[in-house]
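Visitor: Based on what follows, work out the 3D shape:
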Amino acid sequence: MATYYLNGTPLVEGANITLNGFTYPYSWLESTSPSLRASYGIEKTGDVNYDPRYYWDKDMPKDLEDLEAVDADGNPAYIKVFDPSIGERGEMVDSDKRLIVKGLKTSCLSEIKYITNNLLSPTDFYIIRNSIEALQIPESVSAYRAAVVEESARLQDAIPAATTVQELIAVMNSAAWPKVE
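Guide: Coordinates of the predicted model:
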């Protein structure tokens, strides 16, 4: 049976646990994630707390930069394409394009662009309406859109400047997206 600790003190097996004024049965511990338990100050013997977006394992961060993929022998890996002229049913063959494994910086930049587009899209009709009908864009909408673009630009400048995974995590956690008024 696993041993659970609340702020370093072992919890009594089978006893209810009171956290922030709420009482939970001991069995609740098994159904919670390590990160949720950690947020309450609870650790389980053998818990491994790491963010899988940035780490493969507890002490194994993902690569920051894009890498050209290689096979098991260290030879360059290429993107596979289907060639119907080979054999009876065709075959997958190497193209002339190198296979690139995207690094964390590329993934984070994509995430920021995705968020930016999702934040701007509800107000796009104001821009379209302005260009077609010359109707005014409300000042609050213009200010919101400018703030979104500014925050996006700040993050897109900071991500490539990160030199460690911890710095990159700090940049991503610093995102301060504006709220619609």
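
Visitor: alpha carbons only for contacts and neighbour counts from here, please
Guide: OK.

Visitor: Now do the contacts for residue 164.
Guide: Residues near residue 164 by C-alpha atoms under 8 Å, 6 or more residues apart in numbering: residue 64.

Visitor: Point to the helix or strand of this protein where mean pLDDT is at its lowest.
Guide: Lowest mean confidence among the helices and strands of the chain (mean pLDDT, DSSP states H and E): helix 34-39, at a mean of 78.

Visitor: Go through that one and flag the buried ones.
Guide: Under the neighbour-count criterion of 16 or more other C-alpha atoms under 10 Å, helix 34-39 has 34-35, 37-38 buried.

Visitor: What are the buried residues along the helix or strand that residue 151 is a member of?
Guide: Using DSSP states H and E, residue 151 sits within helix 139-161. Across helix 139-161, burial judged by 16+ other C-alpha under 10 Å covers 141, 144-145, 147-149, 151-152, 155-156, 158-160.

Visitor: ok, now stretch 96-113?
Guide: Applying 16+ other C-alpha under 10 Å to stretch 96-113 flags 99, 104-105, 108-109, 112-113 as buried.

Visitor: ok, so of those residues, who is nearest residue 81?
Guide: residue 99 (11.7 Å; C-alpha to C-alpha).

Visitor: Next one: the closest one relative to residue 68, how far apart?
Guide: To residue 68, residue 99 is 6 Å away according to C-alpha to C-alpha, to the nearest Å.

Visitor: One more: residue 107?
Guide: Taken as C-alpha to C-alpha, the span from residue 107 to residue 68 is 15 Å.

Visitor: model confidence over the strand ranked longest in the chain, on average?
Guide: If you go by DSSP state E, the chain has its longest strand at strand 91-98. Mean pLDDT, strand 91-98: 94.

Visitor: Also stretch 53-70?
Guide: In the prediction, stretch 53-70 has an average pLDDT of 90.

Visitor: can you give me the strands in the protein?
Guide: Using DSSP E, strands in the chain cover 4-6, 9-10, 17-19, 22-24, 42-44, 55-57, 60-61, 67-68, 78-83, 91-98, 100-101.

Visitor: and the buried residues of stretch 96-113, which of them are in helices?
Guide: 104-105, 108-109, 112-113 (DSSP state H).

Visitor: Need those in CSV (columns: pLDDT and distance to residue 73).
Guide: Below are these laid out as CSV (pLDDT from 0 to 100; distance: C-alpha to C-alpha, whole Å):
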residue, pLDDT, distance to residue 73
104, 97, 25
105, 97, 27
108, 96, 30
109, 97, 31
112, 96, 36
113, 97, 36
